[in-house]
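Trainee: here is a sequence together with a model predicted from it:
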Amino acid sequence: MKPLYRSADIRAIEHAAAAELPEGELMRRAGRAAAAAAQRLLSSAAPHPGPADTFPDRAPALQRLQVRVLVLAGPGNNGGDALEAAAHLADAGISVTVLHSRPGNAQSPERAAAWRRAADSSARFEELSAPAVQTGDWQLVIDGLFGIGLARPIGGALRALVEAVNQLPCPVLALDVPSGLDADTGAIVGPDGIALRASHTITFIGDKPGLHTNEGRDHAGIVEVAHLDIDPALLPTAELQLNRLELFARHLHARRHSGHKGTYGNVAVIGGATGMRGAPILSARAALHAGAGRVYVLFPEDPLPADSGQPELMCRLAEGYDFGQATLAIGPGLGDSATAADLLARAIASQGPLLVDADALNLLAHTPALQRALASRGATAEPTQHALQAARLLDASATAVLTPHPLEAARLLGLSVAAVQADRVAAARTLAARLQAVVVLKGSGTVIAAPGGDCVINPTGNPALATAGTGDVLSGLCAALLAQGCPPWPAALAAVWLHGAAADELAASGVGPIGMTAGELIPAIRAGINRLARLNLVR
Ligand SMILES: NC(=O)C1=CN([C@@H]2O[C@H](COP(=O)(O)OP(=O)(O)OC[C@H]3O[C@@H](n4cnc5c(N)ncnc54)[C@H](OP(=O)(O)O)[C@@H]3O)[C@@H](O)[C@H]2O)[C@@H](O)CC1
Ligand SMILES: Nc1ncnc2c1ncn2[C@@H]1O[C@H](COP(=O)(O)OP(=O)(O)O)[C@@H](O)[C@H]1O
Ligand SMILES: [K+]
């Protein structure tokens, strides 16, 4: 389980835990964990040894360098964590400079104690200011300005300070949350706010959704959770978690020797209006490489005779095709013609597994009758609770999978893109409940929501995916998993995870993050699925 907790949950857990502990114990634990993380970072970072062409193995040992750490301590308890960490690092012989914000009258007793500990150490204290950041040659900055208590956008002199930190070349370790980021949503607290860009975040008590979606990944960097030895009994069941193999792998299947093409299902991708023929082709190629037995491309008009690059695909006119014969992925390049709308109505009325993407989502957005039809299709599917995963699997294939990007989600919800992005989890959950479908809200930290309220944030993927056609590949991949018998919820989780993991593999091997193409993703997805099979991670 990789649960994600909203700030209100964290505060409740913290409150219950603190009641059983000596005053300030949690902050002391947070400070110790932060100092240990800082020391790990300092010893793993290749210290800047001299000229740019000096190789790291010729670098002098860390102990012989003058290690200088800058600690930013804000007015609240996040600042208290920073002061605890500063005291530990100073006690370890590290040169520590604390830029300290004077607390208000309501300083907590634990913060006051942390301040005294830091003041009694060898740490130097200065006022928080941008010039103080710029004058030092820091090996590490620790951000303890604001955590989950940030109540308004960072402005004024603090804004300049954050801008100055964001210019520094050294690692930046954020405590709990990068200052300026909303821990619940991953949005920068605004209007006109700014957030500190950390290379690493050590987050306390439990992991937080905002570190993994929207602006979160760019600002939090690598996230480590310090549980602070909280009694697990105090942790509520999380309705939000990070995506991972255990949530879906047992629904993917290894091949049987006795299998034949009929065993692995038919996928029909419906789309490809004139000028948009490539979209369903990409989707269909992805379905084929993700293991579907037979793959069709159904055009609303003027069908291509074949895909010369992938002659295995069967290209047809959608009109005459029996929609009951296949898992349908409708939308890539479908257009907004009357024919397209009719095809969507037929697809929703069909009985088999259904994925709705791209232009079909836009048609859905301005056709309330189709929304009602989709919702009643999904309402016939009873969610079942699965004890092992504590996640509801939607076993009934009647539940459709919808794969909107933020603009498509905004159209469906009648909101602006900014409003969707301001709370991606809420947007995905609202859509899933309204349309009784599994909703995949795409983008950095894709959010997958089920009609019953379960919600997952996906940690794989990178900006290599920010290129036309990768969404088509995702829909084809997901349709192929549905066609092979995977229920909608694990199919959506698996597709998003595999799609992101393939992009991560390609980026690691230099085929990205700049210039990767959607087509290149397809063989990498196939390799990823086969790797799971080889490692016996699927049955
Ligand atoms: N309690 C515990 O046991 C534990 C707590 N833990 C730690 O506590 C953190 C939460 O602490 P917190 O609640 O004190 O909030 P925090 O994030 O420090 O900010 C509040 C302060 O900032 C101020 N302020 C807000 N916005 C501002 C702005 N834009 N510009 C300027 N000022 C602004 C606000 O002032 P006010 O709004 O009252 O005027 C107030 O002074 C949590 O993230 C974790 O790190 C861990 O140690 C685990 C144990
Ligand atoms: N910066 C990013 N980080 C991670 N994933 C991304 C990023 N940008 C795009 N993606 C992913 O790439 C895909 C893009 O889909 P979409 O916007 O529908 O593109 P298209 O319609 O051109 O195929 C989605 O799966 C989305 O989550
Ligand atoms: K912080």
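Mentor: Alright, I've got the coordinates. Computed from a prediction, not measured in an experiment: that's the story for all the values here. Ligands and ions are numbered 1, 2, ... in the order given.

Trainee: and stretch 251-267, C-alpha only, in CSV?
Mentor: In CSV, the C-alpha atoms belonging to stretch 251-267 read as follows (Å, rounded to 0.1, in the frame of the first residue of the first chain):
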residue,chain,number,x,y,z
HIS,A,251,-5.2,-9.2,-13.8
LEU,A,252,-2.7,-9.4,-16.6
HIS,A,253,-2.1,-12.8,-18.0
ALA,A,254,0.8,-14.8,-19.3
ARG,A,255,0.3,-16.6,-22.6
ARG,A,256,-0.9,-20.2,-22.6
HIS,A,257,0.5,-22.6,-25.3
SER,A,258,-3.0,-23.5,-26.1
GLY,A,259,-4.0,-19.8,-26.8
HIS,A,260,-5.1,-18.6,-30.2
LYS,A,261,-6.0,-15.2,-31.6
GLY,A,262,-9.5,-15.6,-30.4
THR,A,263,-8.3,-16.0,-26.8
TYR,A,264,-6.8,-12.5,-26.7
GLY,A,265,-9.8,-10.6,-27.9
ASN,A,266,-10.7,-8.2,-30.7
VAL,A,267,-10.1,-4.4,-30.4
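
Trainee: tell me how far that stretch lies from the chain's centre.
Mentor: Centroid separation for stretch 251-267 versus its chain: 30 Å, with Cα atoms, centre = their mean, to the nearest Å.

Trainee: 27 is where my numbering starts, stick with that
Mentor: Sounds good: first residue 27 from here, last item stretch 277-293.

Trainee: so which bits of it are buried?
Mentor: 277-279, 290-293 (16 or more other Cβ atoms under 10 Å). All C-beta atoms are positioned from the backbone trio N, CA, C, and that covers glycine.

Trainee: tally of neighbours for the residue in the stretch 327-476 of the chain positioned nearest to ligand 1?
Mentor: The minimum distance from the stretch 327-476 of the chain to ligand 1, using Cβ to the nearest ligand atom, falls at residue 448 (17.1 Å). Neighbourhood size, residue 448 [other Cβ atoms under 10 Å]: 17.

Trainee: got a pLDDT number for the closest residue to it other than its chain neighbours?
Mentor: Nearest residue to residue 448, sequence neighbours excluded (Cβ to Cβ, 6 or more residues apart in numbering): residue 213, at 5.2 Å. Residue 213 carries a pLDDT value of 98.

Trainee: phi, psi for residue 213 please.
Mentor: Per-residue torsions, residue 213: phi -90, psi 150 (degrees, to the nearest 10).

Trainee: how close does it get to residue 205?
Mentor: 14 Å (Cβ to Cβ, to the nearest Å).

Trainee: neighbour count winner among those two?
Mentor: Set residue 213 next to residue 205 and count neighbours by other Cβ under 10 Å: residue 205 wins out with 27 against 20.

Trainee: residues in contact with the nearest residue to the more buried one once chain neighbours are set aside?
Mentor: Once flanking residues are discounted, residue 205 sits nearest to residue 171: 3.8 Å by Cβ to Cβ, 6+ apart. Shown in contact with residue 171 (Cβ atoms under 8 Å, 6 or more residues apart in numbering): 98-100, 104-105, 127, 180, 184, 188, 205, 222.

Trainee: out of the residues you listed, which are inside helices?
Mentor: 104-105, 184, 188 (DSSP state H).

Trainee: which of the residues you listed count as buried?
Mentor: Buried members of the ones in helices among the contacts of residue 171, counted by 16+ other Cβ under 10 Å: 104-105, 184, 188.

Trainee: returning to what we had before: so the residue nearest to residue 205 versus residue 478, what's the distance?
Mentor: 38 Å.

Trainee: using the three-state scheme, assign residue 40.
Mentor: Using DSSP: H, G, I helix; E, B strand; the rest coil, the structure places residue 40 in helix.

Trainee: ok, residue 254 - contacts?
Mentor: Applying Cβ under 8 Å, 6+ apart, we find residue 254 in contact with 43, 52, 55-56, 59, 230-231.

Trainee: thought residue 347 was touching residue 325?
Mentor: No - between residue 347 and residue 325 there is no contact under Cβ atoms under 8 Å: 10.1 Å.

Trainee: more neighbours, those two?
Mentor: residue 325 (25 against 18).

Trainee: in the stretch 377-526 of the chain, which spans are helices?
Mentor: Secondary structure of the stretch 377-526 of the chain (DSSP state H, counting those that start in this stretch): helices at 384-391, 394-405, 432-439, 443-448, 450-461, 496-509, 514-534.

Trainee: center of the chain - which residue?
Mentor: Nearest residue to the geometric centre of the chain (Cα atoms, centre = their mean): residue 471, 2.0 Å.

Trainee: so that residue touches residue 212, yeah?
Mentor: Yes - if you go by Cβ under 8 Å, residue 471 and residue 212 touch, sitting 6.5 Å apart.

Trainee: need the overlap of contacts for the two.
Mentor: Taking Cβ under 8 Å, 6+ apart as the criterion, residue 471 and residue 212 both touch 238-240, 242-243, 450.

Trainee: and of these, the nearest to ligand 3?
Mentor: Ligand 3 has its nearest neighbour among those in residue 242, at 13.1 Å by Cβ to the ion.

Trainee: tell me the contacts of the residue of the stretch 327-476 of the chain found nearest ligand 3?
Mentor: Residue of the stretch 327-476 of the chain nearest ligand 3, by Cβ to the ion: residue 471 (19.0 Å). When the contact criterion is Cβ under 8 Å, 6+ apart, the partners of residue 471 are 212, 238-240, 242-243, 450, 483-485.
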